[in-house]
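Asker: Sequence and predicted structure, then a few things I'm wondering about:
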Protein chains: 2
Amino acid sequence: MTPERLARIKHILDTRQPDLRVLTDQVHKPRNLSAIIRSCDAFGLANMHVVWPKEGFRAFRKTAGGSYNWVTTHTHPTMVDAVSDLKAQGHKLYAAQLSDRAVDYRDVDYTVPCTVIMGNEVDGVSAGAADEADEHIVIPMMGMVESLNVSAACAIILSEAQRQRKLAGMFENQRLPQDEYDRLFFSWCQP
Amino acid sequence: MTPERLARIKHILDTRQPDLRVLTDQVHKPRNLSAIIRSCDAFGLANMHVVWPKEGFRAFRKTAGGSYNWVTTHTHPTMVDAVSDLKAQGHKLYAAQLSDRAVDYRDVDYTVPCTVIMGNEVDGVSAGAADEADEHIVIPMMGMVESLNVSAACAIILSEAQRQRKLAGMFENQRLPQDEYDRLFFSWCQP
Ligand SMILES: C[S@@+](CC[C@H](N)C(=O)[O-])C[C@H]1O[C@@H](n2cnc3c(N)ncnc32)[C@H](O)[C@@H]1O
Ligand SMILES: C[S@@+](CC[C@H](N)C(=O)[O-])C[C@H]1O[C@@H](n2cnc3c(N)ncnc32)[C@H](O)[C@@H]1O
């Protein structure tokens, strides 16, 4: 381990945001999940939550490549479980969902503890989770195609969340709980 | 053709931006190109420019699915050709490139005629095109992984370009030249 790498690991752990998360609702293409986890890493998230599609999901770990090591992935059996777990942690739930109640994604507050729910490639966010969500958020589009790729949409939303958190000074002090910081530090320092 | 679809086609042609373009520099994964073209459509671009990787690129048209019909794709044999063509059209060239001269992607002006150059998955934007570019732009990252997925990066940049153009009122009047408008209108109305 070079001193540069050690400093880099510390710097990144110092800016990790434990209370900004992504939950994927049966997103099934491995490449989409990989790109989502890579964006989570890039924008300072420490955790991602996944409800696998019914067919299961073996290919994921392989294609996620490097990013898989830097973002803790939590699996929930169903969206009902995931939603109630995250609500119990006091998170606002923002469903990225093209619905009548959707607001512009820049008009919600990402500085509070919150989770962005990304929907399945075909069906979007499932009905129950959409009902439970505090807000539906949408990226305005002006094209013939009805939606963006799910990982593109997630990247855009997380870049806005990062912008807001930066403005609020949330990257200036360690925000990970010390035990989690230590655990990640130890694991990231393994060769 | 339903009246709704006709109105939709007209509305979209009315907002198309002929002088905002994307140029992909040997991006080679079909899924990345598909997601890029889909974002172009969503954010109001009329044209995309492509320099294929050396191995060629047969799978693209198939995986691009619907979006391929709504964005005109121009192919250039090399990046030298592409860059000189776009410069001849008076475009500023913004290379999405993780370099020392890169500025925050929100700090450049997308309301002037301009083209965003997206680099190859492994090598980034090629050296010659990077030299010729007016600006290098970067999306600030704070993770362990060194870059975003290319289509995620492109989506984030285009959403900012659209934000700036909306603010400047550029979606309020027809911007396509009339002959291109008519040609696209005719072709999009085919069953
Ligand atoms: C391909 S889209 C699925 C669209 C689905 N047919 C629907 O109507 O909900 C996959 C996911 O990407 C996200 N997404 C795509 N475009 C979006 C946009 N413009 N705004 C917000 N989220 C979007 C949503 O989470 C969506 O569930
Ligand atoms: C996977 S990256 C290639 C990275 C390459 N190893 C390099 O260092 O240039 C593919 C392309 O996505 C775009 N890209 C990825 N992350 C970016 C970021 N944070 N800012 C701007 N462009 C980015 C760039 O166009 C880049 O060439």
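Answerer: Sure, I can see it. Residues are numbered from 1 along each chain as shown, chains lettered A, B, ... in the order given. Ligands and ions are numbered 1, 2, ... in the order given.
Asker: Would you mind listing what in chain A touches chain B?
Answerer: Those residues of chain A that sit near chain B, judged by Cβ under 8 Å from any Cβ of the partner chain, are A:8-9, A:12, A:15, A:31, A:34-35, A:38-44, A:66-67, A:69-70, A:139-145, A:148-149, A:151-156, A:159, A:162, A:171, A:188. C-beta coordinates here come from the backbone N, C-alpha and C atoms, glycine included.
Asker: Now list the buried members of those.
Answerer: Restricting these to buried positions leaves A:9, A:12, A:15, A:31, A:34-35, A:38-44, A:67, A:69-70, A:139, A:141-145, A:148-149, A:151-156, A:159, A:162, A:171, A:188, with burial counted as 16 or more other Cβ atoms under 10 Å in any protein chain shown.
Asker: Next step: the residues you listed restricted to helices.
Answerer: Members of those lying in helices (criterion: DSSP state H): A:9, A:12, A:15, A:31, A:34-35, A:38-42, A:151-156, A:159, A:162, A:188.
Asker: show me which of those neighbour ligand 1.
Answerer: Filtering those for proximity to ligand 1 (criterion: Cβ under 6 Å from any ligand atom) leaves residue A:153.
Asker: got the phi/psi numbers for the nearest residue to residue A:74 once chain neighbours are set aside?
Answerer: Counting by Cβ to Cβ, 6 or more residues apart in numbering or on different chains, the nearest residue to residue A:74 once its immediate chain neighbours are dropped is residue A:49, at 4.8 Å. Main-chain torsions, residue A:49, degrees, to the nearest 10: phi -120, psi 140.
Asker: Tell me how far residue A:67 lies from ligand 2.
Answerer: The spacing between residue A:67 and ligand 2, counted by Cβ to the nearest ligand atom, to the nearest Å, is 12 Å.
Asker: wait, isn't that residue in contact with residue A:36?
Answerer: No - at 9.0 Å, residue A:67 and residue A:36 do not qualify as touching, with contact defined as Cβ atoms under 8 Å.
Asker: those strands in chain A, which residues are they?
Answerer: Using DSSP state E, the strands found in chain A span residues A:17-25, A:45-51, A:72-75, A:92-96, A:102-104, A:114-118, A:135-138.
Asker: Of those strands, which is nearest residue B:24?
Answerer: Distances from residue B:24 to each of these were compared using Cβ to Cβ; the minimum, 24.7 Å, belongs to strand A:114-118.
Asker: Strand A:17-25 and that closest one, what's the angle between them?
Answerer: Computed with axes from the mean of the first three to the mean of the last three Cα atoms, to 10 degrees, the direction of strand A:114-118 lies at 20 degrees from that of strand A:17-25.
Asker: So which residue is dead centre in chain A?
Answerer: The C-alpha lying nearest the average C-alpha coordinate of chain A belongs to residue A:22 (Cα atoms, centre = their mean; 2.3 Å).
Asker: okay but it is in contact with residue A:154, surely?
Answerer: Yes - with contacts counted by Cβ under 8 Å, residue A:22 reaches residue A:154, the gap being 6.4 Å.
Asker: Quick check: neighbours shared by those two?
Answerer: A:36, A:116, A:118 (Cβ atoms under 8 Å, 6 or more residues apart in numbering or on different chains).
Asker: Which of those sits closest to residue B:99?
Answerer: If you rank the shared contacts of residue A:22 and residue A:154 by distance to residue B:99 using Cβ to Cβ, residue A:36 comes first, at 26.1 Å.
Asker: burial of that closest one, as a residue count?
Answerer: Residue A:36 is surrounded by 28 other residues when neighbours are defined as other Cβ atoms under 10 Å in any protein chain shown.
Asker: show me the contacts for it.
Answerer: A:22, A:24, A:27, A:48, A:118, A:150, A:151, A:154.
Asker: do stretch A:152-170 and ligand 2 meet at all?
Answerer: No - residues of stretch A:152-170 are not located near ligand 2 by Cβ under 6 Å from any ligand atom, the shortest gap being 9.5 Å.
Asker: what mean pLDDT does that stretch have?
Answerer: When pLDDT is averaged along stretch A:152-170, the result is 98.
Asker: Please apply the same query to stretch A:54-73.
Answerer: In this model, stretch A:54-73 carries a mean pLDDT of 70.
Asker: could you dump stretch A:34-44 to PDB, C-alpha only?
Answerer: This file holds the C-alpha atoms of stretch A:34-44, laid out as PDB (Å, rounded to 0.1, in the frame of the first residue of the first chain):
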ATOM      1  CA  SER A  34     -22.900  -2.100 -12.700                       C
ATOM      2  CA  ALA A  35     -23.200   1.400 -14.100                       C
ATOM      3  CA  ILE A  36     -25.500   2.300 -11.200                       C
ATOM      4  CA  ILE A  37     -23.100   1.000  -8.500                       C
ATOM      5  CA  ARG A  38     -20.300   2.900 -10.300                       C
ATOM      6  CA  SER A  39     -22.200   6.100 -10.100                       C
ATOM      7  CA  CYS A  40     -23.000   5.500  -6.500                       C
ATOM      8  CA  ASP A  41     -19.300   5.200  -5.800                       C
ATOM      9  CA  ALA A  42     -18.500   8.300  -7.900                       C
ATOM     10  CA  PHE A  43     -21.100  10.500  -6.100                       C
ATOM     11  CA  GLY A  44     -20.100   9.500  -2.600                       C
END
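Asker: Is that stretch in proximity to ligand 2?
Answerer: No - interface with ligand 2: stretch A:34-44 contributes nothing (Cβ under 6 Å from any ligand atom), its closest point being 6.9 Å away.
Asker: Can you name the residues of chain A sitting close to ligand 1?
Answerer: For chain A, the contact set with ligand 1 under Cβ under 6 Å from any ligand atom comprises A:96, A:98, A:118-119, A:121-122, A:124-125, A:138-139, A:141, A:147-148, A:150, A:153.
Asker: hmm, which of these are the buried ones?
Answerer: Taking 16+ other Cβ under 10 Å as the criterion, what is buried in these is A:96, A:98, A:118-119, A:121, A:124-125, A:138-139, A:141, A:147-148, A:150, A:153.
Asker: got the strands of chain A as CSV, with distance to residue B:86 columns?
Answerer: Written out in CSV, the entries for the strands of chain A read as follows (distance: least, Cβ to Cβ, whole Å):
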stretch, distance to residue B:86
strand A:17-25, 36
strand A:45-51, 36
strand A:72-75, 41
strand A:92-96, 33
strand A:102-104, 32
strand A:114-118, 34
strand A:135-138, 32
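Asker: If anything else comes up later, I'll come back, but that's it for now.
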